[in-house]
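**Q** no sequence on this one, just coordinates:
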């Protein structure tokens, strides 16, 4: 089940964070995976993103989760610097793999035979 929080500035929605629970077999605890965090360009630099990440960190602690994690594109240098300022550590030794489209269909067909 996904959840979302909305960030407002001057009573107008300007940001959102979409997240869901995952589970770490390394920690033996649930975690929160932040699927998307977006702040409108005109609202950036006002602390909205920091507040939303702090809220999610508090939610992790309150729900007894072991970690809060997310992915960031390598070319998104402003986001990377922002996350590092928050104390986030990049997981350089991990690579994301994805199946979609024809490759997903082809693999699924092998199970149904």
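**A** Ah, there it is. Source: prediction; values computed, not measured.

**Q** which element follows the longest helix along the chain toward the C-terminus?
**A** Of all the segments assigned as helix in the chain under DSSP state H, the longest by residue count is helix 48-62. The C-terminal neighbour of helix 48-62 among helices and strands, as given by DSSP states H and E, is strand 68-70.

**Q** and the strands in this structure?
**A** Per DSSP state E, the chain has strands spanning 2-9, 12-24, 29-39, 68-70. These are given in chain order.

**Q** how far off centre is the least confident helix or strand in the chain by mean pLDDT?
**A** Taking mean pLDDT, DSSP states H and E as the measure, the helices and strands of the chain show their lowest mean at helix 101-112, namely a mean of 92. Between the mean C-alpha location of helix 101-112 and the chain-wide mean there is a distance of 27 Å, by Cα atoms, centre = their mean, to the nearest Å.

**Q** find the nearest non-adjacent residue to residue 59, please.
**A** Beyond its immediate neighbours in the sequence, the residue positioned closest to residue 59 (Cβ to Cβ, 6 or more residues apart in numbering) is residue 32, lying 6.6 Å away. Where you see a C-beta, it was placed from the backbone N, CA and C, and this is true even at glycine.

**Q** need the contact list for that neighbour.
**A** Contacts here follow Cβ atoms under 8 Å, 6 or more residues apart in numbering; on that basis residue 32 touches 19-22, 56, 59-60, 63, 65, 67-69.

**Q** which residues does the residue nearest to residue 39 when sequence neighbours are not counted bridge with?
**A** Using Cβ to Cβ, 6+ apart and skipping residues adjacent in sequence, the residue nearest residue 39 is residue 15, 4.1 Å away. For residue 15, the beta-bridge partners are residue 7, residue 39 (DSSP bridges).
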